[in-house]
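In: Coordinates for the following, if possible.
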Amino acid sequence: MAAPIQPPRGGVVPGRILADIDRLDQAIANTIGRTPTPALDPIVAGLSRASDYQRLWLLGSVAVAVLGGRRGRRAAVRCLATAGATSLLIDLVAKTRFPRSRPPQTPDEHSMHVRRPRSSSFPSGHTASAFAFAATLSHEYPVLTTPATALATAVAYTRIHTGVHYPSDVIAGALAGTGIGSLISTLAEHARP
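Out: Numbers count the residues shown, from 1 in each chain. Below you'll find the predicted structure:
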């Protein structure tokens, strides 16, 4: 009979957990970066660039406003405002509190011609905005929950695939964006006359 596994001396230390998460982050990012996907790369890079400067969410808001009538216009304003507010919160608060270098570019990676921000890698602002937009749109139009979340997830993946974020950056961005989007939607609902 084998002896039971003993925890490391001194128990589980938060620093060790963070170091393990960092190693996993790097391993996943390196694996994605070194895996040749020439047919997928232009699509992924194009979607990543489309989400720069809120362009994708501006386009989505315009579509909702045009197709949705009065309700759509109200939803479009909320969606765009929430994505913008989330981006500001992430850039001005979270990224200054959690400085983290971007994943290093390796010689094996092919250039995707994607803008490489100079700000902290953690959390992903693109991902946070994507999920804030999706959460707000889903609140206004529950039937659009699946496509909105799928698009936000695709944007999140592009940030890893293009080598500008680690997986934990996009996970944190998705959680922050969903939380902020849901909170703003709930507050706006209660404030509605």
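
In: Going by C-alpha atoms from here, please, whenever you check contacts or count neighbours.
Out: Fine.

In: tell me the mean pLDDT for the helix or strand harbouring Gly84?
Out: Assigned by DSSP states H and E, Gly84 belongs to helix 69-89. Averaging pLDDT along helix 69-89 gives 92.

In: Can you give the contact residues for the helix or strand where Ala154 lies?
Out: If you go by DSSP H and E, Ala154 is part of helix 145-161. Helix 145-161 has contacts (C-alpha atoms under 8 Å, 6 or more residues apart in numbering) with 29, 32-33, 44-45, 47-48, 51, 124, 126-127, 130-131, 133-135, 137-138, 165-167, 170, 174.

In: Ok, stretch 88-100 next?
Out: Contacts of stretch 88-100 (C-alpha under 8 Å, 6+ apart): 119-125, 128.

In: quick one: which of those is nearest to Ser61?
Out: Nearest to Ser61 among the contacts of stretch 88-100, counting by C-alpha to C-alpha, is Ala128 at 16.5 Å.

In: pLDDT of whatever helix or strand that closest one lives in, averaged?
Out: Assigning secondary structure by DSSP H and E places Ala128 in helix 125-140. For helix 125-140, mean pLDDT is 95.

In: All good on my end, thank you.
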